[in-house]
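Enquirer: Need coordinates for the below:
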Amino acid sequence: MICKCEPGDFNDIHEIINDAASAYRGIIPADRWHEPYMSEEELKRQMDEGVEFWKYLEQEKITGVMGIQLKGDVTLIRHAYVRTTQRNKGIGSRLLQHLSSIATTPLLIGTWADANWAIDFYQKHQFRLLPAEEKNNLLRKYWTIPDRQIETSVVLASADWGSKR
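Expert: Just a heads-up that it's a prediction; the model follows:
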């Protein structure tokens, strides 16, 4: 079952993000990796800035989370993670489909350029990689990340990107 996260889900969200982000260790540039991958303070800041998390519940346990953030004329998919023990069961696909269905503006997703599995996942769901110059402009406009992260990231867009702008 998919439903909106509640304040009491904070610790589960934080745990799932850091558990699942372990896949990035050794993949993303070493200067971008840190332990934990996302601190509690960073997660709280992002939630305060409007990232709304949704959860996938299985037997009353949260097995995956995905954030959505309305940024004016676009909607960002943020922090899409599934517990490592629950991967490859369609949880991420169901969360992405749900968030796509409630979005009223084109969707953008930022991820690490070397996270091939993540890029493949989004492309399987009809998202397309944007060219480097457009990616750089979008990351600066809609995300708050350092230049080094912009250099090492990609942006994917939903099929309606450009048609509603």
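
Enquirer: Just give me the neighbour total for residue 88.
Expert: Summarising burial for residue 88: neighbours were counted as other Cβ atoms under 10 Å, giving 7. Using the backbone N, CA and C atoms, a C-beta is placed for each residue, glycine as well.

Enquirer: Does it belong to a helix, a strand or coil?
Expert: Look at residue 88: counting by DSSP: H, G, I helix; E, B strand; the rest coil, its state is coil.

Enquirer: gap between it and residue 38?
Expert: 23 Å (Cβ to Cβ, to the nearest Å).

Enquirer: Then residue 129?
Expert: Distance from residue 129 to residue 38, by Cβ to Cβ: 24 Å.

Enquirer: And for residue 126?
Expert: 27 Å.

Enquirer: Of those two, which one has the most company?
Expert: Neighbours per residue (other Cβ under 10 Å) separate residue 126 from residue 38, with residue 38 holding more: 16 against 12.

Enquirer: How many neighbouring residues does residue 162 have?
Expert: 11.

Enquirer: buried sites along the longest strand out of those in the chain?
Expert: Counting by DSSP state E, the longest strand found in the chain is strand 61-70. For strand 61-70, burial by neighbour count (16 or more other Cβ atoms under 10 Å) applies to 62, 63, 64, 65, 66, 67, 68, 69.

Enquirer: partners of the helix or strand hosting residue 56 in the sheet?
Expert: According to DSSP states H and E, residue 56 maps onto strand 52-58. Partners of strand 52-58 in the sheet, by DSSP bridges, are strand 2-4 (antiparallel), strand 61-70 (antiparallel).

Enquirer: And the contacts of the helix or strand following the first one?
Expert: Just to be clear, that refers to strand 2-4. Tracing the chain C-terminally past strand 2-4 and defining elements by DSSP H and E, one meets helix 10-20 next. If you take Cβ atoms under 8 Å, 6 or more residues apart in numbering as the criterion, helix 10-20 is touched by 5, 36-38, 40, 43-44, 47, 53, 55, 62-65, 79, 81-84, 87.

Enquirer: what about 6 Å?
Expert: 36-38, 40, 43, 53, 62, 65, 79, 81-84 (Cβ atoms under 6 Å, 6 or more residues apart in numbering).
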